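Undergrad: Predicted structure and sequence below. I'll ask about it afterward.
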Amino acid sequence: MEYEVSHWLALSLFASFILLLFTGYPVAWIMGGLAIILTAVSVFSDFYFDTFIGLDWGYSSIMIERIYAVMNNWILVALPMFIFMGIMLDHSGIAEDLMTNLAKLFGRMKGGIAIAVVFIGVLLAASTGIIGAAVVLLAILGVPLMLKHNYSPELACGVVCATGTLGILIPPSIMLVMMADQIRVSVGDLFMGAVFPGLLLGGLYALYILIHAWLVPGAAPAPKNAEPISTRLILKVIWSIIPTAGLILAVLGSIFFGVATPTEASGVGALGASLLAVSRGRLSFKELREVVRQTTKTTSYIFALFVGATAFSLILRGLGGDEIIENALTGLSFGTQGVVIIVLIAAFLLGFFLDWIEITLILLPLIAPVMLSLGVDLVWFTVMFAVCLQTSFITPPVGFALFYMKGVAPKGIDITMIYKGIVPFVILQILTVVILFNYPSIITWLPKIAYGN
């Protein structure tokens, strides 16, 4: 009976969390509040009805140690540094130069401007990782330009929304840093494992644009009177790419070649982005203050979620929530691959209603031990899990990239156009997961090469 009561409470805890999300109340306080309420219910039941259902104040006090461990974690120091790097690079104005020059370089081909957006998106992903900044920047720079050249509004919006989310996958990704901390794997392994999947996804976006422009000529026509390609134009493009490429090399290269840990590399990136802003005359005291303010707000939001999720996960485990998930997954008769597929489908569906942070902090730590017991490579699984979570940014009703896009979209762009535009890119993300599932070496090859095993 005690077993049944505690498990019913675990299910009610998770169901209450999902329902309360729709109230708009801060997620961190929802998770922390529910943890306190369930502990109080358990203690009350034990004191007045002599029915112990798995929790007491002694167990719940472990929460203090867990939260201290989170705040004392050396790996998580990389989060504010990478966030600072991304915001500072956004303020440096490098992306504007890239957009102008790449649009001219690719401008003579059908879909060329959209290809330029994808190319810039990949560079921004490898140097910022801040989804809101990337989507807004690409929308402001790319969408008016594509509409000016008679691109389909749906294609223009879809390209920007999908490409802007690549930063959550391509390292240095703050999502991968958080995942590595939650499941106790190397950040470097996840960074290296995500490189080729991120490039594969960007390549599929570009391929889709070319095919779509060829099949539907009016969707992405070649601009009229485009500037001819010249040596001077090519040199301008190369010159505008060098600063961003240099920053990427400094950050990821120092990690991949063992010169620095990801935490140390995040400091290199923050310094490098600041120097780039100085070199372009874009680092006034006012700009620095704004960058620090945005970094503080974003970091505070993430760490508040860490605190709430730590409390929530502890209580969920105390009520046997991890046992429910483990028994449900290991009880499936689909074999190891079937279990992995079920989990990835669940992550994809949860992305329609939950933010990637909640899924990462609550669900992933519960699933990872099951994957490990089944003999699944955690790096391979986690990168695929990350690709599934990337779709949460562009799937309604809580796809944040869609809201970022709508907030800065030119007049005439409505939410229906944005929803229609992202459908092909969601399909491409699912296709990427299928490819990674069938060809795991795309993920595992680079980490094995780096460590020689």
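TA: Good, I have the coordinates.

Undergrad: what separates residue 147 from residue 412, distance-wise?
TA: 8 Å (C-beta to C-beta, to the nearest Å). For glycine as for every other residue, the C-beta is placed from the backbone atoms N, C-alpha and C.

Undergrad: tell me, what's touching those two both at once?
TA: Here residue 147 and residue 412 have residue 153 as joint contacts, going by C-beta atoms under 8 Å, 6 or more residues apart in numbering.

Undergrad: Of those two, which one has the most company?
TA: residue 147 (17 against 8; other C-beta atoms under 10 Å).

Undergrad: how about the closest residue to residue 260 other than its chain neighbours, secondary structure?
TA: Counting by C-beta to C-beta, 6 or more residues apart in numbering, residue 260 lies nearest to residue 254, which is 4.0 Å off, once chain neighbours are set aside. Secondary structure for residue 254, judged by DSSP: H, G, I helix; E, B strand; the rest coil, is helix.

Undergrad: ok now do residue 254, which residues does it touch?
TA: 260, 264-265, 268.

Undergrad: In helices, which of these fall?
TA: Applying DSSP state H to the contacts of residue 254, the entries found in helices are 264-265, 268.

Undergrad: of these, closest to residue 279?
TA: residue 268 (16.2 Å; C-beta to C-beta).

Undergrad: so how many other residues sit close to that closest one?
TA: Look at residue 268: counted by other C-beta under 10 Å, it has 19 neighbours.

Undergrad: Confirm for me that it is in contact with residue 260.
TA: Yes. Using C-beta atoms under 8 Å, residue 268 is in contact with residue 260, at 6.4 Å.

Undergrad: ok, and the closest non-adjacent residue to residue 32?
TA: Residue 32 sits nearest to residue 308 (C-beta to C-beta, 6+ apart), 4.2 Å away.

Undergrad: show me what contacts that neighbour?
TA: Neighbours of residue 308 in contact, by C-beta under 8 Å, 6+ apart: 27-32, 35.

Undergrad: and stretch 302-316, how far from the chain's centre?
TA: 19 Å (C-alpha atoms, centre = their mean, to the nearest Å).

Undergrad: Please disregard the earlier target; I meant stretch 413-422.
TA: 21 Å.

Undergrad: Any buried residues in it, and which?
TA: By neighbour count with 16 or more other C-beta atoms under 10 Å, stretch 413-422 contains the buried residues 413, 417-419, 421-422.

Undergrad: for these, which one is nearest residue 69?
TA: residue 422 (38.1 Å).

Undergrad: all helices for the stretch 101-250 of the chain, in order.
TA: 112-125, 131-148, 153-164, 174-183, 187-215, 231-248 (DSSP state H, counting those that start in this stretch).

Undergrad: Look up how far residue 208 lies from the residue lying closest to residue 223 once chain neighbours are set aside.
TA: In this structure, residue 223 finds its nearest non-sequential neighbour in residue 149, 4.6 Å apart by C-beta to C-beta, 6+ apart. Distance from residue 149 to residue 208, counting by C-beta to C-beta: 18 Å.

Undergrad: So if I had to pick from the two, which one is more boxed in?
TA: residue 208 (22 against 19).

Undergrad: tilt between the helix of greatest length in the chain and helix 131-148?
TA: Using DSSP H, we find that the single longest helix of the chain is helix 285-318. Helix 285-318 and helix 131-148 are oriented at 120 degrees to each other (axes from the mean of the first three to the mean of the last three C-alpha atoms, to 10 degrees).

Undergrad: now the angle between helix 174-183 and helix 285-318, please.
TA: Between helix 285-318 and helix 174-183, the angle comes out at 30 degrees (the same axes, to 10 degrees).

Undergrad: got the buried residues for helix 285-318?
TA: Buried, per 16+ other C-beta under 10 Å, within helix 285-318: 291, 294-295, 298-299, 302-318.

Undergrad: Tell me the predicted confidence for residue 386.
TA: Confidence at residue 386, expressed as pLDDT, is 91.

Undergrad: Tell me the gap between the helix or strand where it lies and the middle of its chain.
TA: Per DSSP states H and E: residue 386 is located in helix 378-390. When distances are taken as C-alpha atoms, centre = their mean, helix 378-390 is centred 10 Å away from the chain's centroid.

Undergrad: Which neighbouring elements make contact with it?
TA: helix 174-183, helix 187-215, helix 335-350, helix 364-373, helix 415-438, helix 441-451 (3 or more C-beta pairs under 8 Å, 6 or more residues apart in numbering; DSSP states H and E).

Undergrad: Let's see that with 6 Å instead.
TA: On a contact count with 3 or more C-beta pairs under 6 Å, 6 or more residues apart in numbering; DSSP states H and E, helix 378-390 meets helix 187-215, helix 335-350, helix 415-438, helix 441-451.

Undergrad: What are the contacting residues of the last one?
TA: Residues from elsewhere that reach helix 441-451, judged by C-beta atoms under 6 Å, 6 or more residues apart in numbering: 189, 192-193, 195-196, 380, 383, 436.

Undergrad: And that helix, what's buried?
TA: 442-444, 446-447, 450.

Undergrad: Over to the first one?
TA: Neighbour counts using 16+ other C-beta under 10 Å place 187-202, 204-206, 208-210, 212-213 of helix 187-215 among the buried residues.

Undergrad: I'd like to know how far the most centrally placed residue in the chain sits from residue 197.
TA: Compute the mean C-alpha point of the chain, and by C-alpha atoms, centre = their mean the closest residue is residue 168, 2.8 Å away. Residue 168 sits 12 Å away from residue 197, going by C-beta to C-beta.

Undergrad: Then residue 96?
TA: Residue 96 is 29 Å from residue 197, by C-beta to C-beta.

Undergrad: now the stretch 51-200 of the chain, which segments are flagged as low pLDDT?
TA: 51-60, 107, 128-130, 132-133 (pLDDT under 70).

Undergrad: number of nearby residues for residue 140?
TA: Residue 140: 17 neighbours (other C-beta under 10 Å).

Undergrad: try residue 242
TA: Around residue 242 there are 11 other residues, counting by other C-beta under 10 Å.

Undergrad: Tell me how far it lies from residue 273.
TA: 15 Å.
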